[in-house]
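Chemist: I would like to see how this sequence folds:
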Amino acid sequence: MKRIIAYSSVAHMNLVVLGIFSGNIQGIAGAIFLMIAHGIVSSALFFLIGVVYDKYGTRIIYYYGGLVQTMPLFATQLLFFCMANVGLPGTCNFVGELIVFVGLVERNFIVLLISVTGIILSVLYTIFFCNRIIFGNSNVNYIFVYKDMSSRELAITFPLLFFTVFLGFYPDIIFDNILTAVSMNIQQQNYL
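Modeler: Numbers count the residues shown, from 1 in each chain. As a prediction, the model looks like this:
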């Protein structure tokens, strides 16, 4: 499970690098925003994988299935963060990816098409991962007793969920600071 999340992290970091190398303000601002969004969403996904590892002692996908029936709180959280990871509109990853794509359109359309292909592959294996763990038949041959998330675990994921949605609807909090820093940098260069 951790390997699949790590692969999606690599795909997001590729977008960050492309945004930085686009050389325009949209690409760089989108890359910075995507780094923040990725830090929030990937942290939540790795934490959720750690939750099931603590409870059942394995991270192998084969041993899981049908967790929506036995662990509804965990399944809801995992589904939400998987959808945020693939860039569902209304989440912070969507905003970051969209602004990076805007910066890439201005720079090179061919590179944009190649990066979109990588994102599509990331979407496919993230949805496979989420579908395999949450839905389907319960795998009662390997795990006999299911325990849902505790209140302590929910208290850890709630701020991550809040910031994922909040930055998805109000990204200006981050973008205003980025643009202020860039304009101060330009003024400082003009002064020199």
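
Chemist: ok, and what's touching stretch 103-116?
Modeler: Stretch 103-116 has contacts (Cβ atoms under 8 Å, 6 or more residues apart in numbering) with 14-15, 18-19, 22-31, 101. (Each C-beta comes from the backbone N, C-alpha and C, glycine too.)

Chemist: Y53: which of the residues you listed is nearest?
Modeler: Comparing the contacts of stretch 103-116 against Y53 with Cβ to Cβ places N14 closest, at 27.1 Å.

Chemist: I figured that closest one was touching G118, is that so?
Modeler: Yes. The pair N14 / G118 is scored as a contact, 6.1 Å apart, by Cβ atoms under 8 Å.

Chemist: center of the chain - which residue?
Modeler: For the chain, the residue nearest the mean C-alpha position is N85 (3.0 Å; Cα atoms, centre = their mean).

Chemist: distance of that residue relative to S43?
Modeler: Going from N85 to S43 by Cβ to Cβ, to the nearest Å gives 11 Å.

Chemist: what's the neighbour count on the residue nearest to the residue nearest to the centre of the chain when sequence neighbours are not counted?
Modeler: Nearest residue to N85, sequence neighbours excluded (Cβ to Cβ, 6 or more residues apart in numbering): V41, at 5.2 Å. For V41, the neighbour count with other Cβ atoms under 10 Å is 30.

Chemist: which of the contacts of stretch 103-116 fall in helices?
Modeler: 14-15, 18-19, 25-31, 101 (DSSP state H).

Chemist: what is the distance between stretch 82-95 and the centre of its chain?
Modeler: Centroid separation for stretch 82-95 versus its chain: 7 Å, with Cα atoms, centre = their mean, to the nearest Å.

Chemist: quick one: average confidence on that stretch?
Modeler: Per-residue pLDDT values over stretch 82-95 give a mean of 92.

Chemist: can you check stretch 61-75 too?
Modeler: Taken as a whole, stretch 61-75 has a mean pLDDT of 81.

Chemist: any regions of the chain where pLDDT drops low?
Modeler: Regions of the chain meeting the criterion pLDDT under 70 cover residues 138-145, 186, 190-192.

Chemist: in contact with the residue nearest to the centre of the chain, which residues?
Modeler: Per Cβ under 8 Å, 6+ apart, neighbours of N85: 5, 8, 41-42, 45, 93, 126.

Chemist: correct me, but P171 touches C92?
Modeler: Yes. Contact status for P171 versus C92: in contact at 7.1 Å, counting by Cβ under 8 Å.

Chemist: shared neighbours, these two?
Modeler: Listed as contacting both P171 and C92 by Cβ under 8 Å, 6+ apart are F33.

Chemist: please identify which of those two sits among more neighbours.
Modeler: Higher neighbour count among P171 and C92: C92, with 27 against 21, using other Cβ under 10 Å.

Chemist: my guess is that one contacts I40, does it?
Modeler: Yes. When contacts are counted by Cβ under 8 Å, C92 is listed as touching I40 (6.4 Å).
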